[in-house]
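*Asks:* Got a sequence here, can you build the structure:
(chains A and B)
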Amino acid sequence: MPVHQHSDPFEDRLAAGLRDAGQTFDPDLHTLTTAGLVRGRRLRLRRRAAVVGGAASLALVGVGGALLLGGGPDADRSSVASTPSARTTAAPVSGEELISTLKKRLGYGKFSQESAHGTTDKPGPAYAQLVWDDGDGGSVVSINLEKVEPGSEGARQWTQCPDKAFTPYDSCKISRLHNGAVLRILQGYEYPDKREPTKVWTADLITPKGQHVTASEWNAEAEKGSPVTRSEPPLDSAGLKKLVTAPAWLTAVDAIPDAEVPSPTPEETTAPTTDIRKTLVDLLPSGLTPVSRGGEESGYGYVVVDDGKGSSLVEINVQPNMGDLLGDGIFEGAEQQADGTMLVTREDAGDKDVPGTVRWTVDTVRINGLRVAISAYNSGGPHDAPGRDKPALTLEQLKKIALSSAWGPSREDLYGQKNGQKNSDQG
Amino acid sequence: MRQVLADQYAEFAAARAGHLYRSACLLTAGDTHLAEDLVQETLGRLYIAWQRVSRVGNPAGYAQTVLTRTFLAHQRRRSSTERATDTFPDRAGTDQRDVPLRLTLLEALARLPAKDRAVVVLRYWEDRSIEETADALHASSAAVRTRCTRALGRLRELLGEDLGEYARY
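*Replies:* Numbering: from 1, shown residues only, chains lettered A, B, ... in the order given. Model prediction:
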């Protein structure tokens, strides 16, 4: 670090005073680095899920059992500064023990390709996975364990059936067990567009304490890129329920260090989904009739409109604190608006490999870091065949919606004369 | 994240978290809870950008910039009624010499507007030049100079010209 000579002796004294004062603060390095890592992982997952078309990505993240937590309206808003350091009262459970429990629960057949991560190793979700051949063909079977914030949106997402517009499935059943836990059994597909007949059936158990156990099974020996070995995964709903509700899993969840549980933070909260949908509908140009609407995650909403020429899906993501995206490639060449908002437009074929799809996107980041990204399709769903040549909204219409002050404060609201801070807080 | 990068990140975070925390404590004028929060947020942001950050010449400087901007973003989100100057009660009339330097200096810092405090921390704790400070704050050099002069004047007023004498206490 260069040492700058100050012309004023007071500056040297100030520098010395700051050094002395700074040194008196004693950091808890373990808590800082552990909680920083957890935040980073959560940010990354949020960002992946937030790519337009988010609901589908969310579902895939969910199947993998990875952490994806957000603060719901009822969640504790306490700051992550209060995140406890890694500690737990339950005895650690090793990866070998998890594999052994899984084999015991399955009971018979041949096991191979075992992998696991216990609650004792480096931070990361605890899981056990293997290929099980019950005599009718090998299948991947996996157990994923995590703690979630009870009552949070992160917990609730496993107690609702996914939006069928984005995650096609054959069956989804929710039931409440005698101990207050909620069980969701979902029989769906590895690829939402069903381009391969790989099925994935999952059971998610959420207890009132925030224990989350996922049991997943495929009708193939790998989750992706492996031919199917049988028409359906080996365990039926009853078998999957029996596997996911084994008490040993809950004991293992209790052994996951608490620091792995990300707490919701106030700055990452977004408007409730219903508000986003409602605002989107309010901002639609006249003449467009919403035929259906939805959105199952925070900061995301969609509406399917019809102007008489066929269905067109319009989806939107609204997220705060995304200013650092401006350094990423996706905002390269962005145009700056009068209020400082950066805006890019994209025209592509969607990301679901449906032939003929046309997707128009307007992606914006405001000066306060608020990102509003809106896309319109020439079809009624990302996996649907196009029913028209172009989306129902033009890029200009999409821009108008994305730049609306309805999504958050404008530059004037933040820095304008009305709050009297214009000259005291700007460089 | 690939293992090599993950290890690099972990090493960096362990090596720099302490310094970032101390910077954050000065930026927040001694609010250690907020300081922890800011450092965690900074480390989280570095984690997702690590591949890019690890290629820049000075990841430590980059981290400091992220911390400063995170702090300022936090300040902007606070309501306009909750001003930094309200953090501490007015201590006029107390014998400043009986107060350890840390409290005195932190109290004085707390009385500066957030952006002025960021300028002071970057200039005199991080020892950055006017230009580097301007770069970190997305401000012009002239604006940083003005803030700096103003902040120094205010600190002189609050701490007295002989601030250095307190450092020995």
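
*Asks:* can we go C-alpha only for contacts and neighbour counts from here?
*Replies:* Will do.

*Asks:* And A:Val291, what's its pLDDT?
*Replies:* Turning to A:Val291, the model gives it a pLDDT of 82.

*Asks:* Shouldn't it be within a strand?
*Replies:* Yes: assessed with DSSP: H, G, I helix; E, B strand; the rest coil, A:Val291 lies in a strand.

*Asks:* Can you name the residues that contact it?
*Replies:* A:Val303, A:Val304, A:Val305, A:Asp306 (C-alpha atoms under 8 Å, 6 or more residues apart in numbering or on different chains).

*Asks:* Let's see that with 7 Å instead.
*Replies:* A:Val304, A:Val305, A:Asp306 (C-alpha atoms under 7 Å, 6 or more residues apart in numbering or on different chains).

*Asks:* lowest-confidence helix or strand of chain A?
*Replies:* helix A:54-64 (a mean of 32; mean pLDDT, DSSP states H and E).

*Asks:* rewinding a little: which one (most neighbours) among the contacts of A:Val291?
*Replies:* A:Val305 (27 neighbours; other C-alpha atoms under 10 Å in any protein chain shown).

*Asks:* Number of residues surrounding A:Val314?
*Replies:* By other C-alpha under 10 Å, the residues close to A:Val314 number 31.

*Asks:* so which helix or strand takes in it?
*Replies:* When secondary structure is defined by DSSP states H and E, A:Val314 falls within strand A:311-319.

*Asks:* what's the answer for A:Ala252, then?
*Replies:* helix A:247-254.

*Asks:* Name the residues of that helix that are buried.
*Replies:* Neighbour counts over helix A:247-254 (16 or more other C-alpha atoms under 10 Å in any protein chain shown) mark A:Trp249, A:Leu250, A:Ala252, A:Val253, A:Asp254 as buried.

*Asks:* The residue of chain A found nearest chain B: what's it in contact with?
*Replies:* Going by C-alpha to the nearest C-alpha, chain B is nearest to A:Gly40 of chain A, at 3.6 Å. For A:Gly40, the contact set (C-alpha under 7 Å, 6+ apart) comprises B:Gly44, B:Arg45, B:Tyr47, B:Ile48.

*Asks:* Among the residues you listed, which one lies nearest to chain A?
*Replies:* Nearest member of the contacts of A:Gly40 to chain A, counting by C-alpha to the nearest C-alpha, is B:Gly44, at 3.6 Å.

*Asks:* thinking the closest one is in contact with A:Thr34, fair?
*Replies:* No: using C-alpha atoms under 7 Å, B:Gly44 is not in contact with A:Thr34, being 9.8 Å away.

*Asks:* the helices in the chain, which residues?
*Replies:* Answering for chain A, as no chain was given. Applying DSSP state H to chain A gives helices spanning A:9-23, A:29-50, A:54-64, A:95-106, A:153-156, A:237-244, A:247-254, A:273-283, A:395-402, A:411-415.

*Asks:* nope, chain B
*Replies:* B:3-27, B:32-48, B:50-53, B:59-77, B:101-110, B:114-120, B:130-137, B:141-159, B:163-166.

*Asks:* Looking at those, spot the one closest to chain A.
*Replies:* Of all these, helix B:32-48 sits nearest to chain A, with 3.6 Å by C-alpha to the nearest C-alpha.

*Asks:* What is that closest one packed up against?
*Replies:* Counting contacts by 3 or more C-alpha pairs under 7 Å, 6 or more residues apart in numbering or on different chains; DSSP states H and E, helix B:32-48 packs against helix A:29-50, helix B:3-27, helix B:59-77.

*Asks:* which of those helices sits most buried?
*Replies:* Comparing the helices and strands packed on helix B:32-48 on average neighbours per residue, with mean count of other C-alpha atoms under 10 Å in any protein chain shown, the densest one is helix A:29-50 at a mean of 22.

*Asks:* I'd like the distance from that helix to the chain centre, please.
*Replies:* When distances are taken as C-alpha atoms, centre = their mean, to the nearest Å, helix A:29-50 is centred 12 Å away from the chain's centroid.

*Asks:* Tell me the residues of chain B that contact chain A?
*Replies:* B:13-14, B:17-18, B:21-23, B:26, B:33-34, B:36-37, B:39-41, B:43-45, B:47-48, B:102, B:115, B:124-125, B:127, B:139, B:143-144, B:161, B:163-164, B:167 (C-alpha under 7 Å from any C-alpha of the partner chain).

*Asks:* buried subset of the residues you listed?
*Replies:* For those, buried by 16+ other C-alpha under 10 Å: B:13, B:17-18, B:21-23, B:26, B:34, B:36-37, B:39-41, B:43-45, B:47-48, B:102, B:115, B:124-125, B:127, B:144, B:163-164, B:167.

*Asks:* mind listing what the residue positioned nearest the centre of chain B touches?
*Replies:* The centroid of chain B falls nearest to B:Leu27 when counting by C-alpha atoms, centre = their mean (3.1 Å). Counting by C-alpha under 7 Å, 6+ apart, B:Leu27 makes contact with B:Arg117, B:Ala118, B:Val121.

*Asks:* Write a ChimeraX command that selects only the buried members of these.
*Replies:* Listed next is the ChimeraX selection for buried residues among these, using 16+ other C-alpha under 10 Å:
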select /B:117,118,121
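
*Asks:* Save the contacts of B:Leu27 as JSON lines, and put in pLDDT and distance to A:Pro355 too.
*Replies:* JSON lines is the format used below for the contacts of B:Leu27 (pLDDT from 0 to 100; distance: C-alpha to C-alpha, whole Å):
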{"residue": "B:Arg117", "pLDDT": "95", "distance to A:Pro355": "56"}
{"residue": "B:Ala118", "pLDDT": "96", "distance to A:Pro355": "53"}
{"residue": "B:Val121", "pLDDT": "96", "distance to A:Pro355": "56"}
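
*Asks:* export the contacts of B:Leu27 to TSV and tack on distance to A:Val200?
*Replies:* Output for those, formatted as TSV (distance: C-alpha to C-alpha, whole Å):
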residue	distance to A:Val200
B:Arg117	55
B:Ala118	52
B:Val121	54
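
*Asks:* which one of the contacts of B:Leu27 sits closest to A:Leu243?
*Replies:* If you rank those by distance to A:Leu243 using C-alpha to C-alpha, B:Ala118 comes first, at 55.0 Å.

*Asks:* what residues are up against that closest one?
*Replies:* By C-alpha under 7 Å, 6+ apart, the contact list for B:Ala118 reads B:Leu27, B:Thr68.

*Asks:* Any figure for the gap between it and B:Asp127?
*Replies:* 12 Å (C-alpha to C-alpha, to the nearest Å).

*Asks:* and what of A:Gln336?
*Replies:* From A:Gln336 to B:Asp127 the distance is 33 Å (C-alpha to C-alpha).

*Asks:* Also A:Thr198?
*Replies:* 59 Å.

*Asks:* Equivalent analysis for A:Val141, please.
*Replies:* Counting by C-alpha to C-alpha - A:Val141 and B:Asp127 are separated by 56 Å.

*Asks:* now swap in A:Glu196 and tell me
*Replies:* Using C-alpha to C-alpha, A:Glu196 is found at 59 Å from B:Asp127.
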